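Peer 1: Fold the following for me, if possible:
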Amino acid sequence: MVAGWRDLFCGSMLRAYAALRAPKQLLVGPWLHELPEKSPVRPVDSLALACRWWDRWLGDRPSRPHTDSVTVFVQGADRWAGTRS
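Peer 2: Numbering: from 1, shown residues only. This next block holds a predicted model:
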């Protein structure tokens, strides 16, 4: 899942992520309601991330056990932070 801190629907994406009971990943960045690649602030190649995810989970077999992960842009500190649950 991809969300933007400046997107009107950011809260909805965070709630949807929390409700999922399947392998999941979340990326939250400093962008509006647009593709992260088009952001003037800290763009991210979300298509490449999505392709890696789909290759792994839609392929024949997952290559390793899954840990949910969250990657967020920490506004004010101007850095990325991540966690695995």
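Peer 1: use CA for all of it now, contacts and neighbours both
Peer 2: Fine.
Peer 1: Tell me the helix or strand right after the helix or strand bottoming out on mean pLDDT in the chain.
Peer 2: Ranked by mean pLDDT, DSSP states H and E, the weakest helix or strand in the chain is helix 46-58, scoring a mean of 85. The first helix or strand that comes after helix 46-58 along the chain, using DSSP states H and E, is strand 69-74.
Peer 1: Parallel or antiparallel, list what pairs with that following strand.
Peer 2: strand 25-29 (parallel), strand 79-84 (antiparallel) (DSSP bridges).
Peer 1: Now mean neighbour count and distance to residue 15 too, for these, in TSV please.
Peer 2: Output for the strands paired with strand 69-74, formatted as TSV (neighbours: other Cα atoms under 10 Å; distance: least, Cα to Cα, whole Å):
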stretch	mean neighbour count	distance to residue 15
strand 25-29	20	11
strand 79-84	11	17
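Peer 1: I'd like to know which of those has the weakest mean confidence.
Peer 2: Mean pLDDT per stretch puts strand 79-84 lowest among the strands paired with strand 69-74, at a mean of 87.
Peer 1: and the least confident helix or strand of the chain, what does it pack onto?
Peer 2: Packing contacts for helix 46-58, counted by 3 or more Cα pairs under 8 Å, 6 or more residues apart in numbering; DSSP states H and E, involve no helix or strand.
Peer 1: 18 is where my numbering starts, stick with that
Peer 2: All set: I'll call the first residue 18, so the last point we hit is now helix 63-75.
Peer 1: With distance to residue 56 as extra columns, can I get the strands paired with strand 86-91 in a markdown table?
Peer 2: Putting the strands paired with strand 86-91 into a markdown table (distance: least, Cα to Cα, whole Å) gives the following:
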| stretch | distance to residue 56 |
| --- | --- |
| strand 42-46 | 9 |
| strand 96-101 | 15 |
